[in-house]
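Visitor: Mind looking at a prediction? Sequence and model below.
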Amino acid sequence: MKHIHYIKINDLIDFLKAQKKEHTYCVYGKGSSDQATLKTDCVIDEYSEITDDDEEIFPKYITQNNLEFWFTDELLEDVTSNALKQKMSATNEEILKAIKHYNEHDSFMKS
């Protein structure tokens, strides 16, 4: 998955289900991630950089477009994998719900 790439959440989850890890990335979007739906556009871009003074510097495209940090690739992969282990036929809607749960509570959802 290339950086600075717009993708729908639904397509991102399909990508995660296929487990095609190509790069490290973060997911950014407009507003809060808890409002995201399967039809919501998000942006794939690089991780932010942390300076020696612990200042977080987001990628230029992200700041220029006033996007918010939503998820890391690791969080998405771990939650998707866990959801599919609990229920192999988990829908994208169920996986998105599990992602939001983990993002808020820092724990996996139980099916």
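Guide: Right, received. Where do you want to start? Residues are numbered from 1 along each chain as shown.

Visitor: neighbouring contacts of stretch 33-51?
Guide: Applying Cβ atoms under 8 Å, 6 or more residues apart in numbering, the set of residues contacting stretch 33-51 from outside is 1-10, 12-13, 24-30, 56-59, 61-62, 65, 67-72, 92-93, 96, 100, 103-104. Every residue, glycine included, has its C-beta placed from N, CA and C.

Visitor: Which helix or strand contains the most centrally placed residue in the chain?
Guide: Among the residues of the chain, the one closest to the centroid is residue 71, at 3.8 Å (Cα atoms, centre = their mean). Residue 71 belongs to strand 68-72 when elements are defined using DSSP states H and E.

Visitor: Mind listing what's buried along that strand?
Guide: Residues 69, 70, 71 are the ones in strand 68-72 that count as buried (16 or more other Cβ atoms under 10 Å).

Visitor: CA atoms of that strand as PDB?
Guide: Once side chains and other backbone atoms are set aside, the C-alpha atoms of strand 68-72 remain, and they are given as PDB (Å, rounded to 0.1, in the frame of the first residue of the first chain):
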ATOM      1  CA  GLU A  68      -6.300  13.600  12.200                       C
ATOM      2  CA  PHE A  69      -4.300  10.600  13.200                       C
ATOM      3  CA  TRP A  70      -6.600   7.500  13.400                       C
ATOM      4  CA  PHE A  71      -4.800   4.200  13.600                       C
ATOM      5  CA  THR A  72      -1.400   2.500  13.100                       C
END
